[in-house]
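Engineer: sequence and computational prediction follow.
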Amino acid sequence: QAPPIASLSFSEWVSSTFAMCHTSPSNSELSFSRRQRLSTTRSICDEDPYNKMLPPSPMAVSSMAKVEETNSVDTSVWTPLEVQLFSGSGGRYDPHKMAERRRVPQGLESASGTGACLEMRGRVSMVTPTMSSRQKYHVALWACFEAQTCPDKELVVLETYETSPSAFLRKKAREDSRLVHVCIRVAPGKDFSVGLKRNMTLHLASGEYIVNFDDDDLYAACYAETMVVEMRQKGLCAVKLSSWYNFFVGTGECTYSDPSSWDEWASNQEELDAILYGYGFSYAHRRHVSLESPYPDVRFAEDAPFFLGLRNLYGPDKVKLLRDEAGICVHIMHRANSAEVLGTDDIDEEDIDDLAIANLAPFKSYRAAATLARQDGLLVTTIGEVIEALSGLAWADQRQPLVACA
């Protein structure tokens, strides 16, 4: 049993989140343009439909030779993905050393390279790429993980940082072996691409199943199990949500994104596919398929090319979409989002209470903070009042009741 989250971290989380969410940004502040995302997706898919990886650069080859000489390891056993991880990170992600962080039996590397192909049957790996500027989300991320009903689960977090990594996650990793927290220091403005970091989490994961947990979104207790059961029952390689709920932290508004209202956003099937198969916050897939067809090493719009690549490789019968009508996930809308929300319907307050995620503690805190922010005369300088009001929820120290998904 993992220990409870310290109340100090909870207060710090409330303070930073409320300061960020007090104002409600316009759509132009929220996201890149839809056309930019579609253009990037089309370019990546045209150039590399199966996300095959380029050969290592001469500098990377030289670095690999140095690794062999210094550490007495055979880099020839590295898979194409491992070569990409080493090359793309400038040698800071050493596949042999990182494989030792995986939660699998050690000592089998000689028979299977670094051992990256080994998986624990039935285990669900929730994976999260993050960075130091997003440490304010890490308390809620951990709460979402702890709430999941999967019997065998782990949380894999790849964090890049400039000054210091997440103190909260480092402490949790010492206390709970289910958390694999890998921190890599980067120079200002020299961060790895999101695609590369997602691939690092895939390499570090030890589960048969991968479930993306974006650090700023919220996932109901039944979310991961729902996605995995969908794959098992239908023999799928991958599944993602085609409709979902959104929550605007600045206003407390909740909306529902539904494909039936997306006709105006897409002029042809190609554009519609880029929309439907994008939004990586709800991806779930078998791990082995992603090792064969990983994410493109790009900083933006890495998600749709990855999922469309899986569909092209394994067929449309193995990669499916799933409507979320029960509210098993909430896409959080705030200033730092890289994806805009498409055509939506407003959700009434009483209907929000019926969602599967309604009892998830971080979601209750978001709603309470938004309610307080709407009160007349409440300013950011009165954050102490917000902390005092929200501390009564005590979500950081309690396991919330589980809500069955309809």
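Structural biologist: Cool, the structure landed.

Engineer: when you work out contacts or count neighbours from here on, use the C-alpha atoms and nothing else.
Structural biologist: Will do.

Engineer: show me what contacts the residue nearest to D191 when sequence neighbours are not counted?
Structural biologist: Spatial nearest neighbour of D191, excluding adjacent residues (C-alpha to C-alpha, 6 or more residues apart in numbering): T160 at 7.0 Å. Contacts of T160 were listed using C-alpha atoms under 8 Å, 6 or more residues apart in numbering, and they are T130, M131, S132, C183, I184, R185, V186, D191, F192.

Engineer: what about those, which are in strands?
Structural biologist: Mapping those onto strands (DSSP state E) picks out T130, M131, C183, I184, R185.

Engineer: and the residue nearest to the first one when sequence neighbours are not counted, helix, strand or coil?
Structural biologist: Spelled out, that is T130. Among residues not flanking T130 along the chain, E159 sits closest, at 4.8 Å (C-alpha to C-alpha, 6+ apart). With DSSP: H, G, I helix; E, B strand; the rest coil as the basis, the three-state label of E159 is strand.

Engineer: on that earlier part again, now the ones in strands among the contacts of T160 in TSV, with neighbour count and pLDDT?
Structural biologist: Converted to TSV, these look like this (neighbours: other C-alpha atoms under 10 Å; pLDDT from 0 to 100):
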residue	neighbour count	pLDDT
T130	23	97
M131	23	96
C183	18	97
I184	17	98
R185	17	97
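
Engineer: how about those residues in CSV, adding distance to C222?
Structural biologist: Output for those, formatted as CSV (distance: C-alpha to C-alpha, whole Å):
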residue, distance to C222
T130, 23
M131, 27
C183, 29
I184, 32
R185, 34
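
Engineer: show me what the residue nearest to T130 is bridged to.
Structural biologist: E159 has these beta-bridge partners by DSSP bridges: T130, C183.

Engineer: so it sits right up against R134, yeah?
Structural biologist: No. Using C-alpha atoms under 8 Å, E159 makes no contact with R134, being 9.5 Å away.

Engineer: more neighbours: these two, which one.
Structural biologist: The residue with more neighbours, out of E159 and R134, is E159; 22 against 14, by other C-alpha atoms under 10 Å.

Engineer: so what's that one up against?
Structural biologist: P129, T130, M131, S132, P165, H181, V182, C183, I184.

Engineer: closest to M333 among the residues you listed?
Structural biologist: T130 (16.8 Å; C-alpha to C-alpha).

Engineer: pretty sure that closest one sits against V157.
Structural biologist: Yes. Contact criterion C-alpha under 8 Å: T130 and V157 qualify, at 7.1 Å.

Engineer: may I have stretch 214-229 as PDB, with CA atoms only?
Structural biologist: Extracted C-alpha coordinates of stretch 214-229, given in PDB (Å, rounded to 0.1, in the frame of the first residue of the first chain):
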ATOM      1  CA  ASP A 214      -1.000  13.100 -19.900                       C
ATOM      2  CA  ASP A 215       0.100  15.000 -16.900                       C
ATOM      3  CA  ASP A 216      -2.600  17.700 -17.000                       C
ATOM      4  CA  ASP A 217      -5.600  15.500 -17.700                       C
ATOM      5  CA  LEU A 218      -7.700  13.500 -15.200                       C
ATOM      6  CA  TYR A 219      -8.700   9.800 -15.400                       C
ATOM      7  CA  ALA A 220     -11.500   8.100 -13.500                       C
ATOM      8  CA  ALA A 221     -10.700   5.000 -11.400                       C
ATOM      9  CA  CYS A 222     -12.100   2.700 -14.000                       C
ATOM     10  CA  TYR A 223     -10.400   4.400 -17.000                       C
ATOM     11  CA  ALA A 224      -7.400   2.200 -17.600                       C
ATOM     12  CA  GLU A 225      -9.300  -1.100 -16.900                       C
ATOM     13  CA  THR A 226     -12.000   0.000 -19.300                       C
ATOM     14  CA  MET A 227      -9.500   0.600 -22.100                       C
ATOM     15  CA  VAL A 228      -7.700  -2.600 -21.500                       C
ATOM     16  CA  VAL A 229     -10.900  -4.700 -21.400                       C
END
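
Engineer: what residues sit buried inside it?
Structural biologist: 214-228 (16 or more other C-alpha atoms under 10 Å).

Engineer: now swap in stretch 156-173 and tell me
Structural biologist: For stretch 156-173, by 16+ other C-alpha under 10 Å, it's 156-162, 165-166, 168-169, 172-173.

Engineer: now that stretch - C-alpha only, CSV.
Structural biologist: What follows is stretch 156-173, C-alpha atoms only, in CSV (Å, rounded to 0.1, in the frame of the first residue of the first chain):
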residue,chain,number,x,y,z
VAL,A,156,6.3,5.5,-15.9
VAL,A,157,7.3,9.1,-15.9
LEU,A,158,10.0,10.6,-18.1
GLU,A,159,10.8,14.1,-16.9
THR,A,160,13.2,16.5,-18.5
TYR,A,161,14.3,19.4,-16.3
GLU,A,162,16.6,22.4,-16.4
THR,A,163,17.3,23.1,-12.7
SER,A,164,15.7,20.4,-10.5
PRO,A,165,13.4,17.4,-11.1
SER,A,166,10.0,16.9,-9.4
ALA,A,167,10.7,16.6,-5.7
PHE,A,168,7.2,15.1,-5.3
LEU,A,169,7.8,12.3,-7.8
ARG,A,170,11.3,11.6,-6.5
LYS,A,171,9.9,11.1,-3.0
LYS,A,172,7.1,8.9,-4.3
ALA,A,173,9.5,6.8,-6.3
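
Engineer: residues contacting R311?
Structural biologist: Here R311 is in contact with K318, V319 (C-alpha under 8 Å, 6+ apart).

Engineer: R299 now?
Structural biologist: If you count contacts by C-alpha under 8 Å, 6+ apart, then R299 has F192, S193, V194, G195 around it.

Engineer: helices - which of those land there?
Structural biologist: Members of the contacts of R299 lying in helices (criterion: DSSP state H): V194, G195.

Engineer: of the contacts of R299, which is the nearest to Y277?
Structural biologist: Among those, and counting by C-alpha to C-alpha, the member closest to Y277 is G195, at 15.6 Å.

Engineer: quick check: closest non-adjacent residue to that closest one.
Structural biologist: Nearest non-adjacent residue to G195, counting by C-alpha to C-alpha, 6+ apart: D297, 4.7 Å away.

Engineer: any idea of the pLDDT on the one you found?
Structural biologist: You'll see D297 listed with a pLDDT of 91.
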